[in-house]
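Q: need the 3D shape of this:
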Amino acid sequence: MNYPLQLSFKLLAIASQIYIRDANGNLLGYVKQKLFKFKEEINVFADEAQTQRLFGIKADRVLDFSAQYNFTNAAGQHLGSIKRRGMRSIFKANYEVYDSSGSQVMHIHEENGWIKVVDSLLGEIPLVGMFTGYFFNPSYIVERMDKAPVARLQKQPAFFEGIFNLELLGPVSEEEQTRVLLSVLMMTLLERSRG
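A: Now for the predicted structure:
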């Protein structure tokens, strides 16, 4: 993949639609989240017409704060999973990333939890809330278990849409790149719904 990758979605859309593009602007993936699902299930397609399914992300339980989201490829093979780190994620986002055997291999955490707090508070004020997405831009770091940084997901200033850039910070295998991309994709959807 040609980094940095860009994940973008419209804030005013009824159902979340995420476009994944490489550094040259080529579409790598498209996600359209279904509404009113009790058990979260997301499909990543190669194109906007949704003709070729690349990956699937499925929750292991119904609407739960600590659900685990399992990744599969088009053939249905288990690639890994991501899980929110319970109460630690209330103030500052914390997620655990697992490989296909169920061993934790990485974790993702928000670099500055205060950005989320200020954004949430100011976002409730009429008119002012429209501009918080431009000024308060959280960033998330993906690290190995030994604290070696792997990637950073940074929200970019934008009006009426969410734009995130994913850049690699160290050497990563192709399998790990897929796991990181699916993890930050799911985390972005979860964090967006939390505010």
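Q: who are the contact partners of residue 102?
A: Contacts for residue 102 (C-beta atoms under 8 Å, 6 or more residues apart in numbering) come out as residue 81. For glycine as for every other residue, the C-beta is placed from the backbone atoms N, C-alpha and C.
Q: report the separation between it and residue 23.
A: Taking C-beta to C-beta, to the nearest Å as the measure, residue 102 falls 33 Å from residue 23.
Q: longest helix in this structure, please.
A: In the chain, with assignment by DSSP state H, the single longest helix is helix 174-194.
Q: for that one, C-alpha coordinates in CSV please.
A: Provided in CSV are the C-alpha atoms of helix 174-194 (Å, rounded to 0.1, in the frame of the first residue of the first chain):
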residue,chain,number,x,y,z
GLU,A,174,1.7,-7.1,4.8
GLU,A,175,-0.4,-9.1,7.2
GLU,A,176,0.2,-6.5,9.9
GLN,A,177,-0.7,-3.7,7.6
THR,A,178,-4.0,-5.3,6.9
ARG,A,179,-4.6,-5.9,10.6
VAL,A,180,-3.7,-2.2,11.4
LEU,A,181,-5.9,-0.9,8.7
LEU,A,182,-8.9,-2.9,9.8
SER,A,183,-8.3,-2.0,13.4
VAL,A,184,-8.1,1.7,12.9
LEU,A,185,-11.2,1.5,10.5
MET,A,186,-13.2,-0.2,13.2
MET,A,187,-11.9,2.1,15.9
THR,A,188,-12.8,5.2,13.8
LEU,A,189,-16.4,3.9,13.5
LEU,A,190,-16.6,3.3,17.2
GLU,A,191,-15.1,6.6,18.3
ARG,A,192,-17.2,8.5,15.8
SER,A,193,-20.4,7.1,17.5
ARG,A,194,-19.0,8.1,20.9
